[in-house]
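Peer 1: Here is my input; please provide its structure:
(one chain, ligands or ions: 2)
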Amino acid sequence: MMASRLPAMSQSVPSLEVLNALPRVQQPNYPDPQVAAEVIEQLRSLPPLVFAGECDDLRAHLAAVANRDAFLLQGGDCAETFAGVNADNIKGKLRVLLSMAAVMTYAGQLPVVKVGRIAGQYAKPRSKDTETRGGLTLPTYRGDAVNGFDFTPEARVHDPKRLVGVYNASAATLNLVRAFATGGFADLRGIHAWNADFVRSSNVEARYEALASEIERALVFMMACGLDDDQLATVDFYASHEALLLDYEHAMTRIDSRSQQPYDCSGHLLWIGERTRQLDGAHVEFLRHVRNPLGVKLGPTTTGEDAVAIAEALDPDHEPGRLTFITRMGSKAVRTTLPKVIEAVEATGRKVVWSCDPMHGNTFEADNGYKTRSFADVCDEVNGFFDVHEELGTWPGGVHIELTGDDVTECLGGIDKLAEADLANRYETACDPRLNRNQSLELAFMIAERLAD
Ligand code: PEP
Ligand code: MN
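Peer 2: Numbers count the residues shown, from 1 in each chain. Ligands and ions are numbered 1, 2, ... in the order given. Below is the predicted model:
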């Protein structure tokens, strides 16, 4: 069926039928498979959202990270929503990520590779299939890609037409991101003014003021030297999401006309989640065939052998930049569970990017029922990650953060000392709690200090 449209794919990427015969978890159950088949066909004919060459560029940047020459900053919403596709929201996320990157670049004196959890992060793996409220049991919300957030039977039906919504929302977001990245918004001078504002307006500790004014001086110096305006005004920014929905990701796969290699053109970097990384499962089988740079989440139960087996499956050629291991051990476990995983993978001789997700191992339910995270735990896991790498002599290559540019109240602590009672004020996430912009900036300053050590 699809082989007629993409003849070369049948030689390299397994067909959807083959993938569907493998163990496949966290997939939607569509009431009418015929509608789903039509949507998949429609997606196959649409233009790619990203280019293969851009994915190659990102792979090269990640190779620099693996080689200790750069640091990776990956961040954005836990779950993007269709309603969130508007200029202010996208601009806010970009601004906080670029601000964090500016702080880290300066302190670490290293290039920071900037990757958004953006323009495609619409599907969520869930630990439970159903949710019960007031005696009513309904399917869980699995992200706007699958069903609606509202707790009604109609909203929670799995609707394949939403996949076209994902494509459109991703295209609109990417279009604005590309315009912001090159059209002057990303100008380092403007970003810095925002950082300075953060330092002035918050209770931030004095040590950050020193760093902020150093950056200011460096910028004034560069401008006085007449440094090329273009270099300050544009930025490389990449899009990433969890490649969860096999129908969508398979339908977005295209053969690169230059290399004849398959790329999943739904985003630059795609990752496999903690719940879908089974070696014999459909996600690993699909993604090992595409040439995009890949990420894999590794939780606290991961053994060294598990990580090595995943690396062998996804990176058999030991290609630097191909594989990023995103470890999310939790602040309590990071110092004990991470070393053996790193040691086992490093012993194979391959160079992977080690990135720390300090969010997903530190989620808990507050007494008032909100799913939250404590900023102190997030910082503790990041510090544990740096400590472990320091001890082993390996490179703490990056971080993976759930954040937003808005002043939400979803995670506890930070400079504004958010308490459980504050959570109700602005708890807006569609899934997991995110750092707000001040918490994100505070974390960036903390990471900057570790990079400068
Ligand atoms: C996520 O990144 O939102 C997520 C579900 O993470 P994990 O796969 O690590 O649980
Ligand atoms: Mn999440």
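Peer 1: all contacts plus neighbour counts: C-alpha atoms, from now on.
Peer 2: Noted.
Peer 1: Show me which residues of the stretch 301-450 of the chain are close to ligand 2?
Peer 2: residue 432 (Cα under 5 Å from the ion).
Peer 1: quick one: the helices in the stretch 301-450 of the chain?
Peer 2: Using DSSP state H, counting those that start in this stretch, the helices of the stretch 301-450 of the chain run over 304-314, 334-346, 375-392, 437-452.
Peer 1: Least reliable of these by average pLDDT, please.
Peer 2: Out of those, helix 437-452 stands lowest, with a mean of 93 (criterion: mean pLDDT).
Peer 1: Could you tell me how far stretch 177-190 lies from the centre of the chain?
Peer 2: Averaging C-alpha positions (Cα atoms, centre = their mean, to the nearest Å) puts stretch 177-190 20 Å from its chain's average.
Peer 1: Kindly report the same for stretch 57-75.
Peer 2: How far stretch 57-75 lies from its chain's middle: 14 Å, per Cα atoms, centre = their mean.
Peer 1: is ligand 1 contacted by that stretch?
Peer 2: No. Stretch 57-75 does not reach ligand 1 (Cα under 6 Å from any ligand atom); its nearest approach is 9.8 Å.
Peer 1: Start and end of that stretch, how far apart?
Peer 2: Start to finish, the residues bounding stretch 57-75 are 19 Å apart (Cα to Cα, to the nearest Å).
Peer 1: tell me the mean pLDDT for it?
Peer 2: Stretch 57-75 shows a mean pLDDT of 98.
Peer 1: And ligand 2, is that stretch touching that?
Peer 2: No. Stretch 57-75 lies apart from ligand 2 when judged by Cα under 5 Å from the ion; the minimum separation is 10.7 Å.
Peer 1: thinking again about what came up before, could you save the helices of the stretch 301-450 of the chain as TSV and add columns showing mean neighbour count and distance to ligand 1?
Peer 2: Shown next, in TSV, are the helices of the stretch 301-450 of the chain (neighbours: other Cα atoms under 10 Å; distance: least, Cα to the nearest ligand atom, whole Å):
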stretch	mean neighbour count	distance to ligand 1
helix 304-314	19	14
helix 334-346	19	14
helix 375-392	20	14
helix 437-452	21	17
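Peer 1: What about the residue of the stretch 1-150 of the chain found nearest ligand 2, how many residues nearby?
Peer 2: Closest residue of the stretch 1-150 of the chain to ligand 2, Cα to the ion: residue 78 (4.2 Å). Residue 78 has 26 neighbours, counted by other Cα atoms under 10 Å.
Peer 1: you'd agree it is in a strand?
Peer 2: No. Residue 78 is assigned coil when assessed by DSSP: H, G, I helix; E, B strand; the rest coil, not a strand.
Peer 1: Could you pull up the residues touching it?
Peer 2: 117, 121, 402, 403, 429, 430, 431, 432, 433, 434 (Cα atoms under 8 Å, 6 or more residues apart in numbering).
Peer 1: Just those residues: which are in strands?
Peer 2: Those of those mapping onto strands are 117, 402, per DSSP state E.
Peer 1: TSV for the contacts of residue 78, including neighbour count and pLDDT?
Peer 2: Conversion of the contacts of residue 78 to TSV gives the following (neighbours: other Cα atoms under 10 Å; pLDDT from 0 to 100):
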residue	neighbour count	pLDDT
117	27	98
121	27	98
402	22	98
403	28	98
429	18	96
430	17	96
431	17	96
432	21	97
433	30	98
434	29	98
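Peer 1: Quick check: closest non-adjacent residue to the residue in the stretch 201-350 of the chain that ligand 1 sits nearest to.
Peer 2: Closest contact between the stretch 201-350 of the chain and ligand 1, by Cα to the nearest ligand atom, is at residue 273 (3.4 Å). Distance criterion Cα to Cα, 6 or more residues apart in numbering; nearest residue to residue 273, sequence neighbours excluded, is residue 297 at 5.2 Å.
Peer 1: How about the closest residue to ligand 2 within the stretch 301-450 of the chain: what's its closest non-neighbour residue?
Peer 2: Here the stretch 301-450 of the chain gets closest to ligand 2 at one residue, residue 432, 4.8 Å apart by Cα to the ion. Nearest non-adjacent residue to residue 432, counting by Cα to Cα, 6+ apart: residue 78, 5.6 Å away.
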